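Chemist: After the sequence you'll find the predicted model.
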Amino acid sequence: MAGAKITKDVFGTLPDGRSVERIVLRGEGGFEVRIITHGAVIQALFAPDARGGTDDVVLGHDSFAGYLTERKFFGATVGRYANRIADGRFSLDGETFQLAVNNGPNALHGGLDGFDRKLWDIAEIDDGDSPAVTLAYTSPHGEENYPGKLDVRLTYRVTGPTELSLIMEARTDRSTIVNLTNHSFFNLEGATSGASTLDHRLTVKADHFLAIDPTAIPLPEPPRSVADTPFDFREAHAVGARIREGDLQLRNGRGYDHTYCLARDGKLALAARLEAPLSGRIMELFTNQPGLQVYSGNYLDGTISGKGGKLIRQSDALCLEPHMWPDSPNRPDFPSPRLDPGGTYRHHTVYRFAARAP
């Protein structure tokens, strides 16, 4: 329906015949978010530029086949545990759980068949002035060897003219660990622009980051100061300005693939600001999470084609992933990912877009 704030259609079909639906949420000035139920993926996000145009600013695929055949987490909801757990192993109340090892020696992004590979149910649609969709998935006890049945609900809502709010909530019937995030790959010049995100200017509101070993597990040390390092984004810098410096941490991550340590009070606050020099687009990211993973697309190698049939290469996108700190289940000195019966896991992230003449 022309002018509707929210619409729904079928985006594709799974091999077992189940339909994958797409929900479109609209704001103002051409702002539009497209979400598909497979993986609870942000499939497209159209944001205005400084010249009055709009463009899709997240990488991914034009058709469902790309998401089904390639697991690269484009726009996906990641869980039960985003990022890495060392050796795929953790203990809870004296019981040890062995997860699938799917990233070198470690567990990554929920295992072999994580939340990004699940078909989520549409639990609710709100077609009011702030259009929203709530998706739901129940992960049974023992799925990917995580303990407890986990009931998860995600609400995507347009909360301003060009603002997307994402609330993730989860409840369990047995003590478990939870760490969810959205894994969108951003290029604020446009998903098919071919422009390098190394030219984007990044600000991160963090004084410390987690140094990692060559397998991307945090080192057994306290968070490291960003001062006098290539990881200092307290003032805006081009992402690529220092990415080739001879720093051991850049070598271990093949660029930036590190968690920045944010405030731990659980309140929604500005975590990062990303600015595109050509389009003038600006994205501010607010979150209540204690960490922000900054990933400079180091493992994008041109072997996958994305939107418009273009090959996706290193520096074509940047990820800003709010979540708990990696390997937290094995680090009592880190914020805890534990969730007990009767409690509620709550992740809130807001993506606010604007534009300024370059």
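Modeler: Noted; the coordinates are in hand. Numbering: from 1, shown residues only.

Chemist: How about Leu278, nearest residue that isn't a chain neighbour?
Modeler: Glu189 (5.4 Å; CB to CB, 6 or more residues apart in numbering). (Each C-beta comes from the backbone N, C-alpha and C, glycine too.)

Chemist: you'd agree that neighbour is in a helix?
Modeler: No. The assignment for Glu189, made by DSSP: H, G, I helix; E, B strand; the rest coil, is coil rather than a helix.

Chemist: Tell me how many other residues surround it.
Modeler: 22 (other CB atoms under 10 Å).

Chemist: again, but for Leu320
Modeler: Using other CB under 10 Å as the criterion, the residues surrounding Leu320 number 26.

Chemist: other SSEs contacting the helix or strand encompassing it?
Modeler: Using DSSP states H and E, Leu320 falls within strand 318-323. Other helices and strands packing on strand 318-323, by 3 or more CB pairs under 8 Å, 6 or more residues apart in numbering; DSSP states H and E, are strand 181-183, strand 185-186, strand 269-275, strand 281-287, strand 291-295, strand 345-355.

Chemist: what's the residue nearest to Leu278 in contact with, if anything?
Modeler: 55, 57, 195, 197, 276, 278-279, 281 (CB atoms under 8 Å, 6 or more residues apart in numbering).

Chemist: what do you get for Arg174?
Modeler: By CB under 8 Å, 6+ apart, the neighbours of Arg174 are 141, 147-149, 341.

Chemist: out of the residues you listed, which are inside helices?
Modeler: Among these, none falls in helices (DSSP state H).

Chemist: Arg171: how many residues sit nearby?
Modeler: Neighbour number of Arg171 under other CB under 10 Å is 18.

Chemist: Adding mean pLDDT and mean neighbour count, write the helices and strands packed on strand 318-323 out as a markdown table.
Modeler: Conversion of those to a markdown table gives the following (pLDDT from 0 to 100; neighbours: other CB atoms under 10 Å):
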| stretch | mean pLDDT | mean neighbour count |
| --- | --- | --- |
| strand 181-183 | 98 | 26 |
| strand 185-186 | 98 | 25 |
| strand 269-275 | 98 | 20 |
| strand 281-287 | 98 | 22 |
| strand 291-295 | 98 | 24 |
| strand 345-355 | 98 | 20 |
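
Chemist: Return the list of helices and strands in contact with the helix or strand bottoming out on mean pLDDT in the chain.
Modeler: Using mean pLDDT, DSSP states H and E, the weakest-scoring helix or strand in the chain turns out to be strand 301-305, at a mean of 92. Judged by 3+ CB pairs under 8 Å, 6+ apart, strand 301-305 is in contact with strand 311-313.
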